[in-house]
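Visitor: below: sequence and its predicted model.
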Amino acid sequence: METMERYSEVFDEALALSSAGGDREFLAEVVGLIQAAWPTLLADIREGLARGDLDAVETTARLAKAAARNVSARRTYASALQLQTMASKGDLQAAQLASVILEQEVETLQLALSTLESFGDSP
């Protein structure tokens with residue numbers, strides 16, 4: 001519990017659990033799926049930026065935003081929203097900066113979510 005308190009600004013465990021209908025096993029499954037999705041989402045964003053394809057970046061940022069929302073990760077959500085906004089405005093330089101911030105937030109989120117490995121076993 002102490003570890004999750006340290007990450008409370010990254011991941012709102014109570015809200016995520018409430019969103020999962022109080023079902024810890026289901027939440028653990030959702031967390032696992034989202035953890036597995038991040039590498040692909042971030043790679044797609046990097047590739048889109050490298051090609052200058054801001055439409056692809058915007059679409060992937062929207063998916064990243066949904067992933068963050070599904071686990072009540074406010075900071076990651078806000079970072080993905082910022083990236084989506086910059087991509088939709090056609091601002092490549094701002095989108096590149098926003099993607100760096102998103103990657104940092106995802107790294108922190110992944111660390112927080114890794115503390116939930118035994119979450120499905122909790123009472």
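Guide: Great, that's in hand.

Visitor: Leu97 - nearest residue in space that isn't next to it in sequence?
Guide: Nearest residue to Leu97 in three dimensions, chain neighbours excluded: Met86, at 7.8 Å (C-beta to C-beta, 6 or more residues apart in numbering). C-beta coordinates here come from the backbone N, C-alpha and C atoms, glycine included.

Visitor: roughly how far apart are that neighbour and Gly22?
Guide: For Met86, the distance to Gly22 (C-beta to C-beta, to the nearest Å) stands at 37 Å.

Visitor: then Ala94?
Guide: 40 Å.

Visitor: who's more crowded, these two?
Guide: Ala94 (15 against 9; other C-beta atoms under 10 Å).

Visitor: which SSE is that one in?
Guide: Per DSSP states H and E: Ala94 is located in helix 92-114.

Visitor: centre of the chain versus that helix, how much separation?
Guide: In terms of C-alpha atoms, centre = their mean, to the nearest Å, the centre of helix 92-114 is found 8 Å from the chain centre.

Visitor: list the contacts of the closest residue to Ala37 other than its chain neighbours.
Guide: In this structure, Ala37 finds its nearest non-sequential neighbour in Ala67, 5.8 Å apart by C-beta to C-beta, 6+ apart. Residues near Ala67 by C-beta atoms under 8 Å, 6 or more residues apart in numbering: 34, 37-38, 41, 80.

Visitor: buried ones in the helix or strand hosting Ala67, by neighbour count?
Guide: Under the criterion of DSSP H and E, Ala67 resides in helix 54-70. Across helix 54-70, burial judged by 16 or more other C-beta atoms under 10 Å covers 54, 56-65, 67-70.

Visitor: start to end distance for stretch 69-76?
Guide: 8 Å (C-alpha to C-alpha, to the nearest Å).
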